[in-house]
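Undergrad: Predicted model and sequence below, questions to follow.
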Amino acid sequence: MERGVLPLSSVGAFDLQSTVESGQSYLWSRADGRMYESTGPYGGDAWYETTARVEGEPAVVRVRQVGDRLEWESSVDAGPILRERLRLADDLPAIRAAAPGDDVVESAFDAYWGMHLVRDPPVPSLISFICSAQMRVARIHGMQEALREAYGTPVEFDGRTCHAYPTADQLAATTEDALRDLGLGYRAPYVLETARMVADGDDPVTGDLPYEEAREALTRFVGVGDKVADCVLLFSLGYLEAVPLDTWIRTTIEEYYPDCDRGNYADTSRAIRTALGGEYAGYAQTYVFHYLRTGETTE
DNA sequence: TGCCAGGCGGATT
DNA sequence: AATCCGCATGGC
């Protein structure tokens, strides 16, 4: 077991709970089992766990926030993994400065200041957001736990057995019925077919494609439309301008940005992206999503 | 109960 | 290109 500390003094504001419990990533779990049960800044120094692959070998990474530092435990050096996965290098003040000063955006930044975007590994991100269609956040998370336990490589850590997120090869070897038995419903064939595509060598990483071309390209995977593609671009592939148009943000557009509703995904996307400041529009969107979904009245 | 959830694929027009 | 429809499942 290795242990380490990442001081957050150079990172600035950081809020681990909001970052991993805001519905961006479904690849983390709370060690105390209380995922999504409470909201608000600085989640009581709870431990969170995920798995990462280092040169193909899965490892458990455990982390908690205590004030202005992150403490981690892992079988590998988790520092670089956490810096990447939690986007610790992001400059939140600069990102906020690029956003509009609208009330809803300002309130969202104030409510969850310190929330970072995540950078999930591409294939788990792709699979988990295929599962997200017409599904609540907690259940999407539950599905990923089920997939890990059913198909993921067992990893011994701290006296118990964890399971890595399954690879495309592992998922491609199952059946639609087995996935339905895990509760995936009509998403089961989508997950299976996309896993087969990836296992056969079709790589979801879009390289240096421009944003709109990258979004179009990702929709070649079964179960991936414009919205899921935007989630993968934003939460895994580093396209911070991507604004996933889900039911929540469509409601927000109706209420706060009615001029941005252009009747179709591509044009509405372009308009709301501009309204949210362009380059970092997805950051603002993620704050607004989390704020409206969980925090508007209870914060 | 009926409605909804970070929608998508396929058919029709 | 736009619209309509069917699709699993659990929580409220």
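TA: Sure thing, it's come through. Just so it is clear, the structure is predicted and the values come from calculations on it, not from any experiment.
Undergrad: which residues of the stretch 1-150 of chain A fall in helices?
TA: Secondary structure of the stretch 1-150 of chain A (DSSP state H, counting those that start in this stretch): helices located at A:16-20, A:79-85, A:92-98, A:103-111, A:122-130, A:137-151.
Undergrad: In CSV, list those along with mean pLDDT.
TA: CSV is the format used below for those (pLDDT from 0 to 100):
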stretch, mean pLDDT
helix A:16-20, 97
helix A:79-85, 98
helix A:92-98, 98
helix A:103-111, 97
helix A:122-130, 98
helix A:137-151, 98
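Undergrad: For residue A:239, which of these is the nearest?
TA: Ranking the helices of the stretch 1-150 of chain A by their distance to residue A:239 (criterion: C-beta to C-beta) puts helix A:122-130 first, at 12.0 Å. To be clear about C-beta, it is placed using only N, CA and C from the backbone, and glycine gets the same treatment.
Undergrad: okay, the angle between that closest one and helix A:137-151?
TA: Using axes from the mean of the first three to the mean of the last three C-alpha atoms, to 10 degrees, the inter-axis angle of helix A:122-130 relative to helix A:137-151 is 130 degrees.
Undergrad: packing partners for helix A:122-130?
TA: Secondary-structure packing of helix A:122-130 (3 or more C-beta pairs under 8 Å, 6 or more residues apart in numbering; DSSP states H and E): helix A:137-151, helix A:188-199, helix A:226-235.
Undergrad: How far does it sit from its chain's centre?
TA: In terms of C-alpha atoms, centre = their mean, to the nearest Å, the centre of helix A:122-130 is set 9 Å apart from its chain centre.
Undergrad: again, but for stretch A:111-121
TA: Centre-to-centre, stretch A:111-121 and its host chain are 8 Å apart (C-alpha atoms, centre = their mean).
Undergrad: Compute the first-to-last residue distance for that stretch.
TA: Chord length of stretch A:111-121, first to last residue, is 28 Å (C-alpha to C-alpha, to the nearest Å).
Undergrad: what's in contact with that stretch?
TA: Residues from elsewhere that reach stretch A:111-121, judged by C-beta atoms under 8 Å, 6 or more residues apart in numbering: A:13-15, A:18-20, A:22, A:24-25, A:27, A:41-42, A:52-53, A:84-88, A:90, A:92, A:128, A:165, A:234-236, A:238, A:240, A:282-283, A:286-287, A:290-291, A:295, A:299.
Undergrad: Determine if any part of that stretch is in contact with DNA strand B.
TA: No - with C-beta under 7 Å from any atom of the strand as the measure, stretch A:111-121 is seen stopping short of DNA strand B, the closest distance being 9.2 Å.
Undergrad: Narrow the contacts of stretch A:111-121 to those that are buried.
TA: Burial of the contacts of stretch A:111-121 was assessed by neighbour count (16 or more other C-beta atoms under 10 Å); the buried members are A:14-15, A:18-20, A:22, A:24-25, A:27, A:41, A:52-53, A:85-88, A:90, A:92, A:128, A:165, A:234-236, A:240, A:282-283, A:286-287, A:290-291, A:295.
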